[in-house]
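J.: Pasted the sequence and its predicted model underneath.
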Amino acid sequence: MNTIICSMLGIKYPIIQGGMAWVANASLAGSVSNAGGLGIIAAANAPVDFVREEIRKTREITNRPFGVNIMLMSPFVDDIARLVIEEKVKILTTGAGLPSKYMKDWIEAGIKVVPVVPSCGIAKKMERSGASAVIAEGGEAGGHIGELSTMALVPQVCDAVDIPVIAAGGIGDGRGLAAALMLGAAGVQMGTRFLVAKECTIHQTYKDKIVAAKDIDTMTTGKRLGHPVRALKTPFTRAFLKNENDCFKTLEELEAFGAGALRKAVMEGDERAGCFMAGQSCGLVKKEQTAKEIIEEVIDQAKITLGGVEKWVR
Ligand code: TUI
């Protein structure tokens, strides 16, 4: 399966790994790239030295292309934007904001920039700024999300821009990849499915909770803060929502309540105070597998699904 993003990014399969904060490190990114997808290191809120180390570690694991995800709400974003140029990173994805002010420098450095976009307007803006492709991410995704669903967003973004579109949000298997191609996308980004990759170093409790999660086991919080986040329903997310609905709680108090919760989930598997970010595809995730097994299973299933479509139109 070879689409335009495979040749553009130098990868074997049109599967990009989500730039999951605190999760997407050298171990996961290197393994996804070795398996023929595009591994992504998440810069998240991490300081420059940490991200530099992860980039160097990834280069020890793989000779294949990989990327870095720039989380635009990070307090270190200006430094990270410079670091990726210094470290000669070839591919960037961005999230949680607009990367406009960095685009010129990145493009001059020969970097391919692939921003996550939640709407057609933002997709067009990114195309004008020189993006190589966009990731149209629907609200089924885990973590920080936009309003639209993947099914509605992807074809509209495909119509709005002339650069390749990668679909994300709610895609966890080969049927999702096949559907994304049908909607006009040239590939997919998956996050939740890779949470349970053997090479993903998150706490075992996080993985167990993803495998156990059903279709209805995620919820969104943080709308009042202006950045909605999808995560598993847990004591933390329920308490957060309660605080959010309490008009006497200030935005500062809400932010403080949420601070560090993702790290507690990833590092400590803290079932009470952790925020286990996950997308609605969690119900599709049945077991731990290597990144290679995940990617090959998704590709095989997509091929079978696409081949089977004929029976409906004959
Ligand atoms: O960025 C993500 N997902 C994330 S970032 C993250 S770290 C975090 N933790 C707690 C609170 C907030 C962030 C966890 N998950 N996905 C990509 C994404 N980008 N989703 C939505 C957007 C987005 C939203 C608005 C992209 C551009 C945009 O532009 C509009 C504007 O006004 O900035």
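T.: Structure received. Nothing here was measured: the structure is a model prediction, and the numbers come from that model. Numbering: from 1, shown residues only.

J.: next helix or strand past the helix or strand where residue 27 lies?
T.: Using DSSP states H and E, residue 27 sits in helix 26-34. The element immediately downstream of helix 26-34 (helix or strand, assigned by DSSP H and E) is strand 39-42.

J.: what's the average pLDDT for that following strand?
T.: For strand 39-42, mean pLDDT rounds to 98.

J.: if we look at it, which residues are touching it?
T.: Residues from elsewhere that reach strand 39-42, judged by C-beta atoms under 8 Å, 6 or more residues apart in numbering: 16-26, 28-33, 51, 54-55, 58, 62, 64, 66-69, 71, 93, 291. In this view, the C-beta of every residue, glycine as well, is placed from N, C-alpha and C.

J.: Equivalent analysis for stretch 144-156, please.
T.: With contacts defined as C-beta under 8 Å, 6+ apart, stretch 144-156 is touched by 95-96, 118-120, 136-141, 165, 167-171, 180, 183-185, 220, 227-230.

J.: what's near enough to touch residue 6?
T.: Taking C-beta under 8 Å, 6+ apart as the test, what residue 6 contacts is 12-14, 187.

J.: how about a markdown table for these, with secondary structure added?
T.: As requested, the contacts of residue 6 are arranged in a markdown table below (DSSP: H, G, I helix; E, B strand; the rest coil):
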| residue | secondary structure |
| --- | --- |
| 12 | coil |
| 13 | coil |
| 14 | coil |
| 187 | strand |
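
J.: Go ahead and confirm residue 237 touches residue 217.
T.: No: using C-beta atoms under 8 Å, residue 237 is not in contact with residue 217, being 10.4 Å away.

J.: Comparing those two, which shows the higher neighbour count?
T.: For residue 237 versus residue 217, the count of surrounding residues by other C-beta atoms under 10 Å is larger for residue 237: 24 against 18.

J.: what's the spacing between the more buried one and the ligand?
T.: To the ligand, residue 237 is 12 Å away according to C-beta to the nearest ligand atom, to the nearest Å.

J.: Angles on the backbone of that residue, please.
T.: Dihedral angles of residue 237 (phi, psi; degrees, to the nearest 10) stand at phi -70, psi -40.

J.: Would you indicate which residues of stretch 54-70 are buried?
T.: 54-55, 58, 61-62, 64, 66-70 (16 or more other C-beta atoms under 10 Å).

J.: do the same with stretch 19-33
T.: 19-33.

J.: How far does the helix holding residue 27 sit from its chain's centre?
T.: Centroid separation between helix 26-34 and its chain, computed with C-alpha atoms, centre = their mean, to the nearest Å, is 14 Å.
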